[in-house]
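Undergrad: Have a look; sequence and predicted model below, questions after that.
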Amino acid sequence: MQIQRVLTRRHDPLVCRIDTATLDVPLGAGQAVLAVRRVAITTNNITYALFGDAMHYWQFFPSGDSDWGIVPVWGFADVARSNVAGLEVGERVYGYMPLADHCLLTPGDLSRRGFVDAAAHRAGLPAVYNRYERCAADPAYRVEDEDALMLMRPLFTTAYLLADFLQEQGFFGARQVVLSSASSKTAYGTAFCLREQPGIDVVGLTSAANAAFVRRIGCYHRVLAYDEVESLDPSVPTVYADFSGSSEQRARLHGHFGDALRHSAVIGATQFSAGPRDARLPGAKPTFFFAPDQVRRRIEAWGPAAFQQRLADSQQRFLKQALNPAQPWMRIVEHRGLPAAIELVATMARGTVDPALGHVLAV
């Protein structure tokens, strides 16, 4: 069986190409092929590419080529072939997909709600990425909501977990949280979760071109352009949440706050930056925030049902406001075919995407 996939040069998401590969058939026992139908492409996928080796993102869908990888995306697929008892051809599922038209999974722990990919190469990878939801049993699923769900659910989950982590840590003694790339969906989702925290000022940093949009959505107490960082009081204990991945911006902010910078969380990379990432900086050492670690901690503390309910309640409040027909924060744009993904990924990597748009791909 021939499949098409988008390969990305490791460490450089500006370089992608279409590749054809062969999928062995007939299927082995316990295997299934998903036909990937609709996926979201966001700056989160650029993070997967830039941190592909360090955080093992390239391992989810091995390309077979040491120089090229397959960027994971979130979306919906139909079961095209199944050698799994109880998993029927035609079922709609949601989860972590390759940027490809088909993928081979080994569904395990099958239940009414979903399954996990039990393939050997995914055994040591974070469980949250290995879980697939069966749409027919998902009470939050409606076919007309697919685009919004696949765009916002993964991003808001990260936002919720980051906000929860900072609250759990008492904001490391800080009185303000500064978020870069404030126009990105994960950043303003985090601000949405934090803005009601007493005693915490939530500041968004963005480009001058996106400042009006960021102010309009109203998630931040203050919105500043990047070149206005020095207008912040450098003595105020501060947490920095870095969604941009810009080493230059990070160095500037660390230099401004110095020892007043109590925690520096690296969440994503909305801007492709080739600058040095591990130079010594004043203040707290930049630390990568890995959302699956917080998922594991919260499930252990609260139990899976309580964690899912808290997340779902917060997400529902966020989506109600973000998708308010009277003043939506996002307009969804559809692209068709894998070739369209190449330029879209490059646009994301350059940081030139319109923050008011959400991009989905009909594979």
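TA: Now that the structure is in, tell me what you want to look at. Residues are numbered from 1 along each chain as shown.
Undergrad: I'd say residue 102 and residue 32 touch.
TA: No. Using C-beta atoms under 8 Å, residue 102 is not in contact with residue 32; the gap is 10.7 Å. (C-beta placed from N, C-alpha, C; glycine too.)
Undergrad: Those two: which has the busier surroundings?
TA: Per other C-beta atoms under 10 Å, whichever of residue 102 and residue 32 has more neighbours is residue 32, with 24 against 21.
Undergrad: wait, doesn't the more buried one sit right on residue 78?
TA: No. Taking contacts as C-beta under 8 Å, residue 32 lies outside contact range of residue 78: 10.7 Å.
Undergrad: Write down the beta-bridge partners of residue 68, one by one.
TA: Beta-bridge partners recorded for residue 68 (DSSP bridges): residue 9.
Undergrad: Tell me who's in contact with it.
TA: Residues near residue 68 by C-beta atoms under 8 Å, 6 or more residues apart in numbering: 7-10, 17, 19.
Undergrad: Could I get the full set of helices for the stretch 1-150 of the chain?
TA: Secondary structure of the stretch 1-150 of the chain (DSSP state H, counting those that start in this stretch): helices at 43-50, 127-130, 146-168.
Undergrad: Out of those helices, which is the most enclosed?
TA: With neighbours taken as mean count of other C-beta atoms under 10 Å, the helices of the stretch 1-150 of the chain reach their highest mean count in helix 43-50, at a mean of 25.
Undergrad: and for that one, what are the contacting residues?
TA: The contact list for helix 43-50 (C-beta under 8 Å, 6+ apart) reads 8, 10-11, 13, 55, 57, 69, 71-73, 99, 154-155, 158, 181, 184, 186, 243, 245, 267-270, 272, 345, 348-349, 351, 353.
Undergrad: Now do it, average pLDDT.
TA: Mean pLDDT, helix 43-50: 88.
Undergrad: what does stretch 132-142 give?
TA: Here the average pLDDT along stretch 132-142 is 88.
Undergrad: before we move on, what about stretch 230-240?
TA: If you average the pLDDT over stretch 230-240, you get 98.
Undergrad: List buried residues within the contacts of helix 43-50.
TA: Among the contacts of helix 43-50, the ones that count as buried by 16 or more other C-beta atoms under 10 Å are 8, 10, 13, 55, 57, 69, 71-73, 99, 154-155, 158, 181, 184, 186, 243, 245, 267-270, 272, 345, 348-349, 351, 353.
Undergrad: Mark which of the residues you listed are part of strands, please.
TA: Counted as lying in strands by DSSP state E, out of those, are 8, 69, 72-73.
Undergrad: ok, so of those, who is nearest residue 305?
TA: residue 72 (26.5 Å; C-beta to C-beta).
Undergrad: Which per-residue confidence value corresponds to that closest one?
TA: 97.
Undergrad: What distance do you get for it to residue 42?
TA: Separation of residue 72 from residue 42 (C-beta to C-beta, to the nearest Å) stands at 12 Å.
Undergrad: likewise residue 120?
TA: To residue 42, residue 120 is 29 Å away according to C-beta to C-beta.
Undergrad: Same check on residue 265?
TA: Residue 265 is 19 Å from residue 42, by C-beta to C-beta.
Undergrad: if you count what's nearby, which of those two comes out ahead?
TA: Neighbours per residue (other C-beta under 10 Å) separate residue 265 from residue 42, with residue 42 holding more: 25 against 21.
Undergrad: Am I right that the more buried one is in contact with residue 185?
TA: Yes. Between residue 42 and residue 185 there is a contact at 6.7 Å, judged by C-beta under 8 Å.
Undergrad: Next, show the common contact partners of the two.
TA: Counting by C-beta under 8 Å, 6+ apart, the common neighbours of residue 42 and residue 185 are 151, 155, 358.
Undergrad: Save those residues as CSV, and put in distance to residue 299 and pLDDT too.
TA: Output for the shared contacts of residue 42 and residue 185, formatted as CSV (distance: C-beta to C-beta, whole Å; pLDDT from 0 to 100):
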residue, distance to residue 299, pLDDT
151, 24, 93
155, 20, 91
358, 28, 93
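Undergrad: Out of the residues you listed, which is nearest to residue 116?
TA: Proximity of these to residue 116 (C-beta to C-beta) peaks at residue 155, which lies at 21.9 Å.
Undergrad: these two touch, right, the closest one and residue 190?
TA: No. Shown here, residue 155 and residue 190 do not form a contact pair, counting by C-beta under 8 Å, at 9.6 Å.
Undergrad: So which residues of the stretch 1-150 of the chain form strands?
TA: Taking DSSP state E, counting those that start in this stretch, the strands of the stretch 1-150 of the chain run over residues 2-9, 16-22, 32-41, 68-69, 72-82, 92-98, 102-105, 107-108, 114-117, 131-134.
Undergrad: Tabulate the ones you listed (CSV), appending distance to residue 258.
TA: Listed next are the strands of the stretch 1-150 of the chain as CSV, based on distance: least, C-beta to C-beta, whole Å:
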stretch, distance to residue 258
strand 2-9, 37
strand 16-22, 40
strand 32-41, 38
strand 68-69, 38
strand 72-82, 37
strand 92-98, 40
strand 102-105, 47
strand 107-108, 50
strand 114-117, 45
strand 131-134, 42
